[in-house]
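Chemist: Predicted model, plus sequence, below.
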Amino acid sequence: MKRSRTWLVVLALWLLALACAAPSTGSSAGARAADASEAEADTLERRPPGPSRGPPPREPSRPGRGGRSRNRNPLEPREPVFNAEPTPAQREAARRRTESAALETTLRNRYWRLKAEAERLYPDKVGRFEEHHFWPRYLGGPAKGRTFKLPAPYHQLITNAFRERWAYGQRAPGEARAREIMMEVYAEYPIPQLIGIQDP
């Protein structure tokens, strides 16, 4: 009985010591955990709200003059600037267009005048049309070369102009001379389709 009581007393003392030691250890650990939780809570309260990951938000562009938004990113290309001053190439192209339009108008007026004269000279051919080889065959032109439908009186004028520069019956000239003759004739008697007159 004495041994059992002694053993019970030792067990009770050991449990008591363990119980007394546990609260102190637990309380210090719990206190540290509580302090850490409170510190973390304070930190979270002082931290400004915002995304935790990813790049910072881009600042919206402010409208500039004329209601357009400015380019805030220097790496992006700038908006094209309108230049009202034409370049030398643009001036030259405009000058050529103006000269071509003026020359075409002059040639058209010449055609209508020559057509009226041809109808006066060849009244029996008025109202008829004939096919004209742009490179006349007797000047060495191809048999299936390009042709144009011309009023018969006007075609007679062109035929006469070619005969004056190179008569029928003689040998065909060289290509260079044939081109010279065609340039001379067509400068004086223009082909209506080549100057914008589709219904001669």
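Modeler: Arrived safely, thanks for sending.

Chemist: And stretch 127-135, what's buried?
Modeler: 130, 132-133, 135 (16 or more other Cβ atoms under 10 Å). For glycine as for every other residue, the C-beta is placed from the backbone atoms N, C-alpha and C.

Chemist: between these, which is closest to residue 143?
Modeler: residue 133 (8.9 Å; Cβ to Cβ).

Chemist: how close does the closest one get to residue 93?
Modeler: Residue 133 sits 34 Å away from residue 93, going by Cβ to Cβ, to the nearest Å.

Chemist: Would you map the helices across this structure?
Modeler: All helices of the chain, identified by DSSP state H, fall at 2-46, 88-121, 152-165, 175-188.

Chemist: Next, the angle helix 152-165 makes with the second one.
Modeler: Meaning helix 88-121. 100 degrees (axes from the mean of the first three to the mean of the last three Cα atoms, to 10 degrees).

Chemist: now the chain, which segments are flagged as low pLDDT?
Modeler: Low-confidence segments of the chain (pLDDT under 70): 1-84.

Chemist: and the gap between residue 100 and residue 93?
Modeler: Counting by Cβ to Cβ, the gap from residue 100 to residue 93 is 11 Å.

Chemist: and if you look at residue 153?
Modeler: From residue 153 to residue 93 the distance is 38 Å (Cβ to Cβ).

Chemist: These two: who's more crowded?
Modeler: Counted by other Cβ atoms under 10 Å, residue 153 and residue 93 do not tie: residue 153 has more neighbours, with 23 against 12.
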